[in-house]
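Undergrad: return atomic coordinates for the entry below.
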Amino acid sequence: MTSVFANAEQLREAVGKPLGATDWLLIEQERVNQFAEATGDHQWIHVDPKRAASGPFGGCIAHGYLTLSLVNFFLPQLMRVDNLLMGVNYGCDRVRFPAPVKVGARVRGAGEITAVETLANGALQVVVRVAVEIDGSDRPGCVVDTISRYTFNPAP
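TA: Here you go, the predicted structure:
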């Protein structure tokens with residue numbers, strides 16, 4: 001279920017509270033191959049199932065940056081900010097890849113707002129920590145602090 005925020009106060013009140021988790025997404029070899037094609041990263045641990053079967057992970061794994069890019073897919077499922085004049089992705093902090101995501105695994109995003117700051121121009125900077133959880137694993141495939149900036153519509 002998507003958490004919906006209509007104003008700055010609601011975002012501030014949500015700091016430290018879980019946003020929940022998204023539905024599971026199956027990581028298929030085709031997605032990994034398409035990412036390899038888009039980025040030019042054709043390392044065998046990602047795209048050669050036969051060789052990867054006898055490699056360190058027992059099969060192909062998703063690129064770390066593919067796993068990170070899924071955060072952009074999961075964020076709108078975790079939260080929505082309404083009444084905006086503008087919202088922008090400002091960047092990321094603390095990107096980590098604690099566990100490999102094997103092809104055939106299911107992943108989902110789980111989030112929490114960790115900080116909300118009012119900027120000098122009146123915009124709000126919101127940090128959301130997203131963990132890309134792996135079904136059946138104690139460790140996530142990726143954890144990242146996303147940073148977004150929101151400017152709300154002026155009050156009527």
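
Undergrad: how about the nearest residue to Gly20, chain neighbours excluded?
TA: For Gly20, the nearest residue in space outside its immediate sequence neighbours is Met1; the separation is 6.0 Å by CB to CB, 6 or more residues apart in numbering. (C-beta placed from N, C-alpha, C; glycine too.)

Undergrad: and the one you found, how many neighbours?
TA: Met1 has 9 neighbouring residues, counting by other CB atoms under 10 Å.

Undergrad: pLDDT wise, what is it at?
TA: Looking at Met1, its pLDDT is 80.

Undergrad: that one reaches Leu19, doesn't it?
TA: No. Taking CB atoms under 8 Å as the contact criterion, Met1 and Leu19 are not neighbours in contact, 9.3 Å apart.

Undergrad: what about Ile147, distance to Asn89?
TA: Relative to Asn89, Ile147 is positioned 8 Å away (CB to CB, to the nearest Å).

Undergrad: between those two, tell me which one has more neighbours.
TA: Taking other CB under 10 Å, Ile147 and Asn89 do not tie; Ile147 has more neighbours (17 against 11).

Undergrad: secondary structure element for the more buried one?
TA: For Ile147, the host element (DSSP states H and E) is strand 142-152.

Undergrad: distance of the residue nearest to Gly20 relative to Glu13?
TA: In this view, Met1 and Glu13 are 17 Å apart by CB to CB.

Undergrad: for Thr151, same thing?
TA: Applying CB to CB, one obtains 19 Å for the distance of Thr151 from Glu13.
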